[in-house]
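K.L.:
sharing a model prediction with you, sequence too.
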There are 2 protein chains.
Amino acid sequence: MTKITFIGSGNVAQHLIQAFLGNPGIIIQQLFVRNASKAILVDADIEVILDWSQLTPADMFIIAVSDDAIAEVSANFPLKNQFVVHTSGSVSLEQISNHNRRGVFYPLQTFTKGKEIDFKEIPICIESEFSADLEILQKISKLISDKTFIINSQQRKSLHVAAVFVNNFVNHLYQIGSEICQENQVPFSILEALIAETASKIKTLTPFEAQTGPAKRNDQWTIDSHLKFLKSDKTTQSIYKLLTQSIQENGKEL
Amino acid sequence: MTKITFIGSGNVAQHLIQAFLGNPGIIIQQLFVRNASKAILVDADIEVILDWSQLTPADMFIIAVSDDAIAEVSANFPLKNQFVVHTSGSVSLEQISNHNRRGVFYPLQTFTKGKEIDFKEIPICIESEFSADLEILQKISKLISDKTFIINSQQRKSLHVAAVFVNNFVNHLYQIGSEICQENQVPFSILEALIAETASKIKTLTPFEAQTGPAKRNDQWTIDSHLKFLKSDKTTQSIYKLLTQSIQENGKEL
């Protein structure tokens, strides 16, 4: 039975708590929040504490706060020689105070409030200062996910940057597509099958092999007509130009 | 029984021929190709012709050639008052010679050589000069797809531009992600679940609601650290900057 205490109750904390709850291998011992109003977001039978002095030792502490608050929260953490991890893709292990044994438990997924997720499919990237602690991380990760990866801080950072491209930026391109549809009274749902096929294709082809379209085939006539179509939205037009240029540079490299 | 003749044997033609073959409502009457070597790509029992003079009247002619060749091929088309359509997202109906009745049959999907596709799911955007011909298009579209949309040339153009964003450009972002992984010895497959969830999310949320990440939450610390991480690849760094800026402008608008 592994006793876990959460520091923070944001989006990632809530999804992890949901995944841990009812798991026979895990007890959620305490939940530390800065103010009581945050605690009502968790409707389980967990001891909620508001004061560092109430914190009791556990097998693992998960700091699930915003990236820029991790160092400060960890510096305020009152216990010594506990196993303390954060859940961030972009913060190094060293940001955690060295008064404790440090680690990282980074679930690589996009969490949306209110949308449930099958944790079994989510890759969990783990890292620890000491090898004994890596075993704790592996045990806990395997209880909720089928995909555990041991990843160092530099690799984790690269994964986080890559994730920004394939998730945040991809989603923003969906939004640009949806705005273009809206402005022309075309239902965005017409593009659903294309979006699904684009994401599915790269399971069997590399993205380079899967690339099609005017940029790839150097179809300047179509590129020009699209740029003209976008002339009233300078930012979107710049994105079209830059991504077209990047696809074309890429074609030349290989 | 609708008699269809294909002009051209590229990727789109081959996928359409596969979808039509064996359909009891359709006969593929002839396939016109510029040189015989192209014809061997079609292994069905279709009359392949190399000379315009061999062309016989049909219920519908599908010009499936590259966008910039449509006007020329249509100008060379020797018959009059036939129903002639092209399959392009970005070419207007007017590019077809007015010696014939004009139309468009645009399947909105990314076709990859050798990868079979379930046509039932593919939206087909149709347009015709005369309403009687629209009925032919609707009949044929419904034989192979569950999703038929009557779309004018301007709307079709907007859809094609939107499709470049949500398909070609999205796929290119997948490639950038895969390169970042490769350079850091991290398997790209770790990102598979995230890519699938990103595409799936917008079935229930708008892309605006689904947006997360450092740009959306104005997390300048993470943005700066990512830009520093990308400093050796100027184009990729520019893409990061521009898409971050676009997400942030977008947040302000609403």
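P.N.:
Ah, there it is.

K.L.:
where along chain A do the strands fall?
P.N.:
A:2-7, A:26-32, A:47-49, A:60-63, A:83-86, A:101-107, A:123-128, A:147-150 (DSSP state E).

K.L.:
quick one: which of those strands is nearest chain B?
P.N.:
Comparison of the strands of chain A against chain B by Cβ to the nearest Cβ identifies strand A:123-128 as nearest, at 4.7 Å. Using the backbone N, CA and C atoms, a C-beta is placed for each residue, glycine as well.

K.L.:
check whether the closest one comes near chain B.
P.N.:
Yes. Applying Cβ under 8 Å from any Cβ of the partner chain, one finds strand A:123-128 touching chain B at A:123, A:125.

K.L.:
need the strands of chain A in TSV with distance to residue A:185, mean pLDDT and mean neighbour count, can you?
P.N.:
Formatted as TSV, these follow (distance: least, Cβ to Cβ, whole Å; pLDDT from 0 to 100; neighbours: other Cβ atoms under 10 Å in any protein chain shown):
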stretch	distance to residue A:185	mean pLDDT	mean neighbour count
strand A:2-7	48	96	22
strand A:26-32	49	94	20
strand A:47-49	50	91	15
strand A:60-63	48	98	25
strand A:83-86	47	98	26
strand A:101-107	40	97	23
strand A:123-128	40	96	23
strand A:147-150	43	96	17
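
K.L.:
distance to residue A:218 added to those strands, as a markdown table?
P.N.:
Formatted as a markdown table, the strands of chain A follow (distance: least, Cβ to Cβ, whole Å):
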| stretch | distance to residue A:218 |
| --- | --- |
| strand A:2-7 | 53 |
| strand A:26-32 | 55 |
| strand A:47-49 | 60 |
| strand A:60-63 | 50 |
| strand A:83-86 | 46 |
| strand A:101-107 | 40 |
| strand A:123-128 | 37 |
| strand A:147-150 | 38 |
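
K.L.:
touching, residue A:123 and residue B:190? I think so.
P.N.:
Yes. Counting by Cβ atoms under 8 Å, residue B:190 is a contact partner of residue A:123 at 4.7 Å.

K.L.:
what residues do these two have in common as contacts?
P.N.:
Here residue A:123 and residue B:190 have A:108, A:147, A:149 as joint contacts, going by Cβ atoms under 8 Å, 6 or more residues apart in numbering or on different chains.

K.L.:
OK, contacts around the first one?
P.N.:
The contact partners of residue A:108, by Cβ under 8 Å, 6+ apart, come to A:89, A:122-125, A:159, A:163, B:190-191, B:193-194.

K.L.:
can you list which of these are found in helices?
P.N.:
Judged by DSSP state H, helices contain the following of the contacts of residue A:108: A:159, A:163, B:193-194.

K.L.:
identify the farthest-apart pair in these.
P.N.:
Greatest spacing in the ones in helices among the contacts of residue A:108, by Cβ to Cβ: A:159 and B:193 (12.4 Å).

K.L.:
got a pLDDT number for the residue lying closest to residue A:212 once chain neighbours are set aside?
P.N.:
Among residues not flanking residue A:212 along the chain, residue B:110 sits closest, at 5.6 Å (Cβ to Cβ, 6 or more residues apart in numbering or on different chains). pLDDT recorded at residue B:110 is 79.

K.L.:
just residue A:221 next, same as before
P.N.:
Reported pLDDT for residue A:221: 87.

K.L.:
what about the residue nearest to it when sequence neighbours are not counted, how many residues close to it?
P.N.:
Spatially, and ignoring its direct neighbours in sequence, residue A:221 is nearest to residue B:68 (5.3 Å; Cβ to Cβ, 6+ apart). The number of residues packed near residue B:68 is 14, by other Cβ atoms under 10 Å in any protein chain shown.

K.L.:
and if you look at residue A:55?
P.N.:
Other residues lying near residue A:55 total 18 when counted by other Cβ under 10 Å.

K.L.:
wait, it sits on residue A:49?
P.N.:
Yes. In this structure, residue A:55 is within contact of residue A:49 by Cβ under 8 Å, at 6.6 Å.

K.L.:
got any residues that touch both of the two?
P.N.:
Overlap of the contact sets of residue A:55 and residue A:49 (by Cβ under 8 Å, 6+ apart) consists of A:30, A:32.

K.L.:
surely residue A:126 touches residue A:149?
P.N.:
Yes. Residue A:126 lies in contact with residue A:149 (Cβ under 8 Å); the separation is 7.2 Å.

K.L.:
overlap in contacts of the two?
P.N.:
Common contacts of residue A:126 and residue A:149 (Cβ under 8 Å, 6+ apart): none found.

K.L.:
tell me how far the residue of chain A positioned farthest from its centre lies from residue A:107.
P.N.:
What lies farthest from the middle of chain A is residue A:221; by Cα atoms, centre = their mean that is 39.1 Å. Applying Cβ to Cβ, to the nearest Å, the value for residue A:221 to residue A:107 is 46 Å.

K.L.:
ok, residue A:5 next?
P.N.:
Relative to residue A:107, residue A:5 is positioned 18 Å away (Cβ to Cβ).

K.L.:
verify the contact between residue A:99 and residue A:81 for me.
P.N.:
Yes. With contacts counted by Cβ under 8 Å, residue A:99 reaches residue A:81, the gap being 7.5 Å.

K.L.:
more neighbours: which of these two?
P.N.:
A direct count of neighbours by other Cβ under 10 Å for residue A:99 and residue A:81 places residue A:99 higher, at 15 against 9.

K.L.:
phi first, then psi, for the closest residue to that one other than its chain neighbours.
P.N.:
Leaving aside its chain neighbours, residue A:99 sits nearest to residue A:80 (5.1 Å; criterion: Cβ to Cβ, 6+ apart). Backbone torsions of residue A:80, given as degrees, to the nearest 10, read phi -120, psi 160.

K.L.:
sorry, back to before: more crowded one of residue A:159 and residue B:193?
P.N.:
For residue A:159 and residue B:193, the more surrounded residue by other Cβ under 10 Å is residue A:159, and the numbers stand at 28 against 21.

K.L.:
contacts only, for that one.
P.N.:
So, once contact is read as Cβ under 8 Å, 6+ apart, residue A:159 ends up touching A:89, A:108, A:125, A:151, B:181, B:184, B:186, B:190-191.

K.L.:
do residue A:13 as well
P.N.:
Residue A:13 touches A:6, A:31, A:62, A:64, A:87, counting by Cβ under 8 Å, 6+ apart.

K.L.:
what sits opposite the third one in the beta ladder?
P.N.:
Yep, that's residue A:62 we're talking about. residue A:6, residue A:85 (DSSP bridges).

K.L.:
that one touches residue A:9, doesn't it?
P.N.:
No. Taking contacts as Cβ under 8 Å, residue A:62 lies outside contact range of residue A:9: 11.0 Å.

K.L.:
show me where pLDDT drops low in chain A?
P.N.:
Confidence mapping of chain A against pLDDT under 70 gives the ranges A:37-44, A:114, A:252-254.
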